[in-house]
Each structure stands twice: as C-alpha cells, then as structure tokens.
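A.B. asks: Need a 3D model of the sequence below.
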Amino acid sequence: MNPLLSAEPQSQQTSSFGVVLIGHGTRDVQGTEEFAALAASLRERLSPQPITDCYLELREPDIPTGIRQLLEMGVRSIIAAPILLFAARHAREDIPAEIRRELNLYPEIKWLQTEPLGCHPQLLELAELRLAELLGSSAGEAPAEGSTQYLIVARGTSDAIARQDIEAFVDRRRASIEAHSRDCEVSLAYVAAAEPRLKDALAAAVAKKPGKIIVLPHVLFYGEVLGEIRNLAEQASQQSGIEVLVADHLAAGIQNQARGTDLLVSACEARIRAKF
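C.D. replies: Sure thing, here's the model as predicted:
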C-alpha cells in the first residue's frame with residue numbers, strides 16, 4: 001500500500017498539517033448541533049492548526065469537501081479524525097476509502113487517521129458521570145435498596161473487532177459499577193446488528209424482578225438510536241411495573257458547555273494530538 005495513502009499510524013513530519021473532523025452524520029437536528037459544538041470546541045483547543053468538519057453520510061459537507069477545504073488552506077498533510085466510539089467498518093473501511101478516493105488526485109498529500117475513542121480514560125470518566133447524574137449521587141455509586149440490573153447499550157455492529165472493543169469497554173464499566181454497588185448485575189445489549197438485542201435484554205432483566213433497571217446508552221450524539229433506546233425502556237417499564245431509568249447520552253448538553261463537555265472534548269483532543 002502506498003504509505004502516503006495509508007490509514008496506518010505514521011509519524012507526522014511536517015508542521016503544514018490540518019485536521020478534518022469526521023462525524024457519522026444524522027438526520028436529527030439536535031445530534032447535528034451537538035457534533036457542531038464539539039467541532040467548535042476542538043477548533044478552539046487545536047488552534048492555530050486548520051480544522052474542518054464534515055460527515056460520512058446523511059449530512060453536508062461530505063468528506064471530500066472537508067479535505068478540499070483543508071487543501072485550499074495550504075495544508076500538505078492531513079490528520080483524519082473520525083469522532084467514533086469504536087473502530088467498526090466505518091472507521092476501518094468506509095472513511096479510509098473516501099479519503100483515498102479524494103487524495104488520489106493529490107498524491108503528494110500525506111494523511112493518517114486517529115484512533116476511535118474506545119476506552120480512553122476521560123470517556124470512561126464521562127460514562128461514570130452520566131450514571132452519577134442519573135442517580136443523583138456521587139460518581140459511580142448506586143442506590144443501596146433492592147437489586148439493580150444495569151444495561152450498557154451500544155448501537156450495534158456486525159464487526160467482530162468492534163464488538164471486542166465494546167466488550168472491553170463494558171468490562172471496565174462493570175468493574176467500576178460493581179465496586180460501588182451491592183446486589184447488581186451489569187450486562188451489554190445492542191440496538192441492532194448484534195446480540196443480545198435491547199428488547200430481549202430488557203425482558204431478561206425484568207424476569208429477574210429487580211428493584212430497578214438502569215439503562216446506560218453508550219451513544220455519542222442525540223438521534224434515532226437514542227430514541228429507540230428510550231422507547232424500549234419506557235415500554236418495558238409500563239409492561240412490568242418496574243422502574244427503568246435511562247441515562248443521558250455522552251454529548252448531552254455540549255452546546256451549553258454542560259457537565260461532561262470538557263471530558264468529551266479532551267478525549268477527542270488527546271486522540272488527535274497523539275498524531276501530531
């Protein structure tokens with residue numbers, strides 16, 4: 001493979017570089033505004049490096065436009081930064097393919113790609129904060145009364161490597177939750193494309209007759225996936241009579257610099273600066 005067009009980590013040899021932030025894209029206005037707010041914060045943090053932001057699908061500007069905007073700024077080397085939780089097909093195949101297609105016209109331009117957020121310590125801290133906000137207690141603590149079923153819910157993927165990464169994240173969160181909680185069980189569920197599906201996981205949790213069920217969406221931005229999680233949680237609660245609580249998504253309130261904003265921005269910034 002031509003090293004100029006490789007998505008494998010390379011050392012950055014020139015100061016004439018810029019960053020293209022790549023969101024998945026959503027039709028949801030709130031989710032789009034959250035990505036834009038994250039991009040604005042990263043642009044401020046990474047100044048004076050040229051920064052553009054774009055989307056893989058569903059929204060404009062697209063990836064070729066984001067790259068061309070950097071080239072128009074005189075950039076000769078590009079850091080592609082997909083704002084994604086895990087390295088599924090989008091990160092490993094779709095985004096690199098889009099970049100290669102565009103840069104085939106500019107063989108002199110070097111580029112490299114950042115790692116997904118994965119198990120970055122500040123992302124784990126943010127997930128813990130979302131749970132603490134839901135419970136109204138100190139970070140990571142669960143209410144003492146009754147048993148509690150925790151469901152960490154991911155979007156879902158058929159990609160085996162990404163599922164391993166998701167399971168590693170859940171293992172880290174399970175250890176933290178169990179360290180602060182009595183009589184609890186922490187499980188993983190998916191909205192689509194992998195098993196167990198959230199609907200089935202909720203049914204299994206209800207069958208154990210817990211005091212409550214806590215659903216922790218491992219979702220970056222507001223959109224259809226979060227809506228599906230909330231709808232299924234509400235249905236399970238209504239049908240069973242068991243309280244089902246749903247935590248906020250990771251970027252919740254980022255437009256207003258709400259709690260957790262610095263953690264998310266810092267995790268993204270660290271992944272990008274690792275390629276400087």
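A.B. asks: measure Ala189 to Tyr150 for me?
C.D. replies: Using Cβ to Cβ, to the nearest Å, we find Ala189 at a distance of 10 Å from Tyr150. In short, each C-beta sits where N, CA and C put it, glycine included.
A.B. asks: swap in Glu93?
C.D. replies: Taking Cβ to Cβ, one finds Glu93 at 32 Å from Tyr150.
A.B. asks: more neighbours, these two?
C.D. replies: Ranked by neighbour count (other Cβ atoms under 10 Å), Glu93 and Tyr150 place Tyr150 first, with 25 against 12.
A.B. asks: Three-state assignment for the more buried one, please.
C.D. replies: strand (DSSP: H, G, I helix; E, B strand; the rest coil).
A.B. asks: Please give me every residue in contact with it.
C.D. replies: Applying Cβ atoms under 8 Å, 6 or more residues apart in numbering, we find Tyr150 in contact with 177, 184-187, 213-214, 216.
A.B. asks: out of those residues, which are inside strands?
C.D. replies: 184-187, 213-214, 216 (DSSP state E).
A.B. asks: contacting residues around the helix or strand of the chain with the lowest mean pLDDT?
C.D. replies: Across the helices and strands of the chain, the lowest-confidence element by mean pLDDT, DSSP states H and E is helix 89, at a mean of 86. The list of residues contacting helix 89 from outside it, by Cβ under 8 Å, 6+ apart, reads 157-159, 162.
A.B. asks: Could you do stretch 243-261 as well?
C.D. replies: By Cβ under 8 Å, 6+ apart, the residues outside stretch 243-261 that reach it are 33-35, 37-38, 41, 123, 126-127, 129-131, 133-134, 202, 211-222, 226, 229-230, 233-234, 236-237, 264.
A.B. asks: what comes up buried for it?
C.D. replies: Neighbour-count burial for stretch 243-261 flags 244, 246-252, 254, 260-261 (criterion: 16 or more other Cβ atoms under 10 Å).
A.B. asks: Any idea how far apart the tips of stretch 180-187 sit?
C.D. replies: In terms of Cα to Cα, to the nearest Å, the two terminal residues of stretch 180-187 are separated by 16 Å.
A.B. asks: which element is the nearest residue in space to Val265 that is not next to it in sequence on?
C.D. replies: The shortest distance from Val265 to any non-neighbouring residue, by Cβ to Cβ, 6 or more residues apart in numbering, is to Ser41 (4.5 Å). Ser41 is part of helix 29-46, with elements assigned from DSSP states H and E.
A.B. asks: For that helix, name the packing helices and strands.
C.D. replies: strand 17-23, strand 51-55, helix 261-273 (3 or more Cβ pairs under 8 Å, 6 or more residues apart in numbering; DSSP states H and E).
A.B. asks: Can you check what angle separates that helix from helix 261-273?
C.D. replies: With axes from the mean of the first three to the mean of the last three Cα atoms, to 10 degrees defining the directions, helix 29-46 sits at 60 degrees from helix 261-273.
A.B. asks: any chance you could map the strands in the stretch 101-250 of the chain?
C.D. replies: Per DSSP state E, counting those that start in this stretch, the stretch 101-250 of the chain carries strands over the ranges 110-113, 148-154, 184-190, 212-217, 243-246.
A.B. asks: For Glu57, find the nearest of the ones you listed.
C.D. replies: Smallest distance to Glu57 across those (Cβ to Cβ): 17.5 Å, for strand 110-113.
A.B. asks: What is the burial count for Val164?
C.D. replies: Wrong residue type there; residue 164 is Gln, not Val. For Gln164, using other Cβ under 10 Å, the count is 12.
A.B. asks: repeat for the one 3 residues further on
C.D. replies: Counted with other Cβ under 10 Å, the neighbours of Glu167 add up to 13.
A.B. asks: next one: Glu108
C.D. replies: Residues contacting Glu108 under the criterion other Cβ under 10 Å number 8.
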